[in-house]
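**Q** Just a sequence and a predicted model for now, questions to come.
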Amino acid sequence: MLRRTLNRWLGRDERRVDSRSICVGHRSSSNNEAFIPPKFCDNRIVSSKYTVWNFLPKNLFEQFRRIANFYFLIIFLVQVIVDTPTSPVTSGLPLFFVITVTAIKQGYEDWLRHKADNEVNKYPVTVLEQGRRVRKESEKIKVGDVLEVDEDETFPCDLILLQSSRDDDTCFVTTASLDGESNHKTHYTVPDTEKDLESLNATIECEQPQPDLYKFVGRMHIYKADQEPAVRSLGPENLLLKGSTLKNTQTICGVAIYTGMETKMALNYQGKSQKRSAVEKSINAFLLVYLCILVSKALVCTTLKYVWQNKPGQDEPWYNEKTQREKDTNLYLKMFTDFLSFMVLFNFIIPVSMYVTVEMQKFLGSFFITWDKDFFDPEIKEGALVNTSDLNEELGQVEYVFTDKTGTLTQNNMEFIECCIDGFQYKYQDAGTDLDGFCVTDGPANKVQHKAGREKEELFLRALCLCHTVQVKESPEQGQGQRDGLMDQVDGLGVDGEGLHPPPQEQRGFIASSPDEVALVKGAMRYGFTFLGFESKTMKILTRDNDVERYELLHVLNFDPVRRRMSVIVRSKSGDTLLFCKGADSSIFPRVRQEEVERIRMNVERNATEGYRTLCVAYKYLNAEEYAQADAGLREARLALQDREEKLMAVYNQVETGMSLIGATAVEDRLQEEAAETMEALQGAGMKVWVLTGDKMETAKSTCYACRLFQRNTELLELTVRTLEDGGRRREERLHELLVEYHKKAVQDAPPVKAGVTRAWSSANHDYGFIIDGATLSMVLNSSSESNSSRYKNLFLQICQNCTSVLCCRMAPLQKAQIVKMVKNSKGSPITLSIGDGANDVSMILEAHVGIGIKGKEGRQAVRNSDYAIPKLKHLKKLLLAHGHLYYVRIAHLVQYFFYKNLCFILPQFLYQFFCGYSQQPLYDAAYLTMYNICFTSMPILAYSLLEQHICMEVLLDNATLYRGIAKNGMLRWGPFFYWTLLGVFHGLLFFFGVRYLFGNPALQDNGQVFGNWSYGTIVFTVLVFTVTLKLALDTRHWTWINHFVIWGSLAFYVFFSFFWGGIIWPFLKQQRLYFVFANMLSSVSAWLVIILLILLSLLPEILLVVFRKPRGPHAGQITPVTPLTYKHLKDRQ
Amino acid sequence: MVKEEKEIANRPDNTAFTQQRLPAWQPMLSAGIVIPGFVLIGLAFIGIGVALFVTSRSITVLEIDYTGIEKDSACFKCSNTDVKNCVCNLVFSIDSLFEGPVFFYYGLSNYFQNYRKYAASRDDEQLSGDLDAFTAPSDSCSPYDYNSNDKPIVPCGAIANSMFNDTFVLYRVVNGANKLVPLDGKGIAWWTDYNVKFRNPSVTPLKNAFNNTVKPIFWPNPAYQLDASDPANNGFINQDFLVWMRRAALPDFRKLYRRIADGEYAKGLPAGNYSLTIAYNYPVQSFDGRKKVVFSNVSWMGGKNEFLGIAYLVVGSLCVLMSIVMLIVYAKFKFPEED
């Protein structure tokens, strides 16, 4: 980090900030003026945080930045400096324990990172130096080095491709480890570089490293003897990224341009912002309350001390004279030290070990998600993935679910369903049912002509075959022979009357970045046009007449989500230059002739309502002049160093005009397994499901119906461009009108719905669904006038919150995040969850409280940025309803219990001050003070917080409504907190005064001997340890052997420890306070009786409450686990 | 083959623990368990409570304040701190046989043995007979560690220094004559204190161990002369000293002084008049303290303590009451959980 900043700073000194120049192979050109090679960082990847030397100070510094740790450090220091009642050990030891545990955990994680770093940094690479091949370690690579990389090796740094072993100057790579896209991507060598790299004399000028994987601009100057330097533009297609793997290519050579921490991969791995869970916020709030209690306790004691000392004879009785130093101390200083002493005495009320226990609980608890075999998907052979364990409990608190449609609700497994050519509908049907493979179903009704003309058909199919970026997978065993075979198998269109053979080409491997393209190419294949692949810039297709046609690929106008279309410019053998374009209807229709649109629009819309993805296909002829213009424009834009994107976009828009529409396609995207059931369960659990998709409204709406997010009786409130244009008035006005109208309908007229009652209960009520599209949303959010904007936003939010489901279509990725953010920051700050599978969902996954990635087909970017990743949508149900619910209940109980147990631990010590002249005398021995939180009461609650299932998982999954019981942080609100606090106060009072009245006569043994103050403290402490442990036992609903072991084990350990601690004269202790105190206590019947009495008396009210609070109502029977789990049941279930 | 292995490697273990399906006992507190449970607990508590209450009632306690603040008090003359070596006589009568063994306690009130500084003001190493600690007492003893001539005080510290030094002699008045009641000073301190925790230095005679040290300022005699009558009861294992060193938990406390268990008094103190001669040395007026003597016999539960018995009775009856309430509630709701 520092190195990079330093580099950047140095770089600023030497040259312009926004570009860097590199000498290929470190050969500076002679005709270049004295060139000082700028310094770049080396190729070492450092993802580790610490080294052996700085681990201790750095880690300690980071740990003490946490407010709680810092607080305990301060307490510890006060104890060391000021004369305080308890020794520094009592708070130092727990702090040391906590710090050590955390340090070990972080150290281990860093060690793993070091190991991974070393693996990368020591990887051997081949560098070409003065014509020799030199093996080097990867970390020694410098910018400008020419590297040789073999097939299946990963690139050690970002390279510009100079030479490839393939004839067509391309190479294939997969970027699976970068963005998860496993398809092969083609990269190109810099055009016109010399074959002999030895003599290549060139410099590269390129932008400074930036994290966007898909953006790169640069320029290469090639110097040849006696010639003007040639300039070549460099783009992302020339750049090989570190982390991607070379495929299908024997060897390549490239020059390193970004190394080490400046590679795009390293820039992308810079950590995400930390998400904090709502529970953590609750903890902090409670902590504040306890801090107030602590301070007020100390203040009360200090005040009373000085009031009490004012009485004659109390300040310094003859038997307890002060030292001279004490007498000399300033009164106010004395007061202050007394205050500090009381703080130290009561500081245990803030549970030091809670943080470490919470952390441990989260860390260990998250394993249950990865271990869950229900999340294992046999298809991808992977289970769930937990990227952060900090948010486990948040899974039990979700109120809003934002889901992507494609790949999340649907499978993103595209299948070509039908197409429409020139207004006629063609539906593909299975072989055998119809002789016509390509049969016409009810096209434009009752037309005499049932089919479009043959030319149109063929043009359409050619367009499908050509307008894509699909590649044919080359497999070694399938060679020329297979292609010959193919020819025989390919059928013509149904018009020829030939029977249709089952299409064997299905197994032909196509690789593409989007599954739609594969579906389209496969669809074309079924109708007889087969795409055979590239042959150095030439696309080969097999027509249905078994002719191989060749087209020279001139330009690819890439797809991007803004344009929502892509085009290719090809030249046929006959010399015609054609542009084929395919894209979303909304982006194609304005660019073609209107009369053509009308014929096709109906089909497109019908397909969309059926839930299919539709694409329109258009073409145009380019005459030589037009082509020359377009070609020049494209080349110029591609060469631009600045604003290349914008310039390209402008040229694209210019070229893609005046096209003629040929037809449209419909591709089906099937619903995910159990998508509807999952959505229903989520809604039953009181979550509001919003679908955010980039898809068109009709498609998205039909998916919503299929997923049962909208139902028949759902009244849809639509706020889209279409409805806005209805009234024929200005959009702004109409927007205002509609918003107000809907608001009236959904918010004002709706009966006040209490949280927790939904449609399952209130089917009589009206049910609303809301639909909005991207354009309208941006109007709502960015309204022209300030006041309107916030007002609209409010109206919009209120409407949405009163609808059961909301569908936002035509969303850009950023708009998705905007919506999530808006809901997240709305009133009551509800917990949001985003689920998605593609790169376009990353922004909303990062924005939401919990981000869930689906290990789908659109690459791994969503998974990498998510907090949790699951293989399938259906797993979300168990993740939230079972795991989330349990985690929340566990951690909430853990937090409350921790505060409770420390309150009733310290309260008797506070009360004792009233009986010892406010002299800060501790009630318990130092060993007990220290061990209480670390040993005696820590394990049972940890076991509880890992294993508890107050309701068993099956029941939780069957009754989604149970999820509402804990909604809105139900167990950590102030009500339950006060209940626990009261319980702690009650117990504390009981412990202290119970023993206090017993000690009215301290002769508690049958031999008449009396007990002293340590016996008093030990009795209280014994009652305390037993009560808090048994209280937990009472709360435990799920007793596994582990619970039994730790609960009874802790109590046994306490007894054993007390015997041991009091059984020996400890050689290094100054005071043998507890010598035989515990054993003596046990020899007194009265002590036994009071212990039993107090424990029972503390627990009885709880038992009563449990009995009286027993759930009643329709679901009571299901909630109560009727049969205890036995081995037999276990077998049955498996 | 490789694929299968990969699948196996990735597939989560199907064990009861990882799948959160460990066999578990899931107790439910239902009325069927709680009501009989409450009745049982309640009855048991009432039983114990009755036993405690009866036992406590059977314990006789005789408590006499002898601070001497009131004018009519026998020790009024001694309450003036100017009077040295004051002796006063306390006369009392017992109506019926005071069953033995009788324990003789002294009590102090508004006396804070649990003061933090006071509590820490001792040197356990010294008290365990460590001669090094004799010459250099622990800092915690300050200001009772060295006298004004910088001689180490043994035993050092505020606790030892403030040892209770009133002495009592009990007479039974038989026909106008005082008959000495023998008081047994053995076994009044904890056995472990006497035998393990406190040790005299192994120097004979004991006096030599105390060379170059001074007695605590408040003490009339050095540690090796605490009990003139019994040479074995001197130094740090003097029983009165041990009793004093075990600090009381609360500001109103009593400490065991003697047992009356010898000879004819083994069965108890017969009815009659008694006279207690008190050597009044210990000043308490300066801090509004009180001094008293307590005669008491003990039972299996220790000294008289009504609290425990009453508490058990109350809790026991509450349990029974609650179970009745629950029974009514559940009868009304027809035991919903059994539907």
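**A** Nice, I can see it.
**Q** Only C-alpha atoms from now on, for both contacts and neighbour counts.
**A** Noted.
**Q** isn't residue A:800 right next to residue A:806, touching?
**A** Yes - between residue A:800 and residue A:806 there is a contact under C-alpha atoms under 8 Å: 6.5 Å.
**Q** joint contacts of those two?
**A** residue A:770 (C-alpha atoms under 8 Å, 6 or more residues apart in numbering or on different chains).
**Q** got the contact list for residue A:260?
**A** A:41, A:42, A:43, A:44, A:45, A:139, A:157, A:266.
**Q** Would you point out the most distant pair within those residues?
**A** A:139 and A:266 (13.7 Å; C-alpha to C-alpha).
**Q** Those two - which one has more neighbours?
**A** residue A:139 (21 against 18; other C-alpha atoms under 10 Å in any protein chain shown).
**Q** Relative to chain B, how far out is that one?
**A** With distances taken as C-alpha to the nearest C-alpha, to the nearest Å, residue A:139 is found 31 Å from chain B.
**Q** I figured that residue hits residue A:46, correct?
**A** No - in this structure, residue A:139 is not within contact of residue A:46 by C-alpha under 8 Å, at 10.4 Å.
**Q** a helix runs through residue B:46, doesn't it?
**A** Yes - according to DSSP: H, G, I helix; E, B strand; the rest coil, residue B:46 belongs to a helix.
**Q** Beta-bridge partners for residue A:579, please?
**A** residue A:569, residue A:620 (DSSP bridges).
**Q** got a list of what it touches?
**A** So residue A:579 contacts A:567, A:568, A:569, A:570, A:619, A:620, A:621, A:622 (C-alpha under 8 Å, 6+ apart).
**Q** between those residues, which is nearest residue A:779?
**A** residue A:567 (30.0 Å).
**Q** can I assume the closest one is in contact with residue A:578?
**A** No - with contact defined as C-alpha under 8 Å, residue A:567 does not count as touching residue A:578 (10.1 Å).
**Q** which of these two has more neighbours?
**A** residue A:567 (26 against 21).
**Q** what's near enough to touch residue A:214?
**A** residue A:236.
**Q** what's the pLDDT at it?
**A** Residue A:214 is assigned a pLDDT of 72 by the prediction.
**Q** From residue A:1022, how far off is it?
**A** Distance from residue A:214 to residue A:1022, counting by C-alpha to C-alpha, to the nearest Å: 66 Å.
**Q** Same check on residue A:833?
**A** 46 Å.
**Q** could you give the mean pLDDT of stretch A:560-573?
**A** Stretch A:560-573 comes out at a mean pLDDT of 81.
**Q** and if you look at stretch A:919-934?
**A** 91.
**Q** In it, which of the residues would be classed as buried?
**A** Neighbour-count burial for stretch A:919-934, counted by 16 or more other C-alpha atoms under 10 Å in any protein chain shown, picks out A:919-926, A:928-934.
**Q** Tell me which of these fall in helices.
**A** Using DSSP state H, A:926, A:928, A:929, A:930, A:931 are the members of these that sit in helices.
**Q** So which bits of stretch A:950-967 are buried?
**A** In stretch A:950-967, the ones that count as buried by 16+ other C-alpha under 10 Å are A:950-953, A:955-957, A:959-964, A:967.
**Q** Most neighbours among the contacts of residue A:260, please name it.
**A** residue A:157 (33 neighbours).
**Q** dump the residue contacts of the nearest residue to that one once chain neighbours are set aside.
**A** Leaving aside its sequence neighbours, residue A:157 sits nearest to residue A:242 (C-alpha to C-alpha, 6 or more residues apart in numbering or on different chains; 4.3 Å). Residue A:242 makes contact with A:154, A:155, A:156, A:157, A:158, A:159, A:263, A:264, A:265, according to C-alpha under 8 Å, 6+ apart.
**Q** low-scoring pLDDT stretches of chain B, where are they?
**A** For chain B, the stretches with pLDDT under 70 are B:1-10, B:333-339.
**Q** So which residues of it form helices?
**A** Using DSSP H, helices in chain B cover B:2-10, B:31-58, B:116-120, B:124-127, B:131-135, B:158-161, B:191-192, B:206-209, B:239-245, B:306-332.
**Q** Just the angle for the longest one relative to helix B:306-332, thanks.
**A** For helix B:31-58 and helix B:306-332, the angle between their directions (axes from the mean of the first three to the mean of the last three C-alpha atoms, to 10 degrees) works out to 160 degrees.
**Q** Which strands or helices does helix B:31-58 pack on?
**A** Judged by 3 or more C-alpha pairs under 8 Å, 6 or more residues apart in numbering or on different chains; DSSP states H and E, the packing partners of helix B:31-58 are helix B:306-332.
**Q** With the fifth one instead?
**A** Helices and strands in packing contact with helix B:131-135 are listed as helix B:124-127; criterion 3+ C-alpha pairs under 8 Å, 6+ apart.
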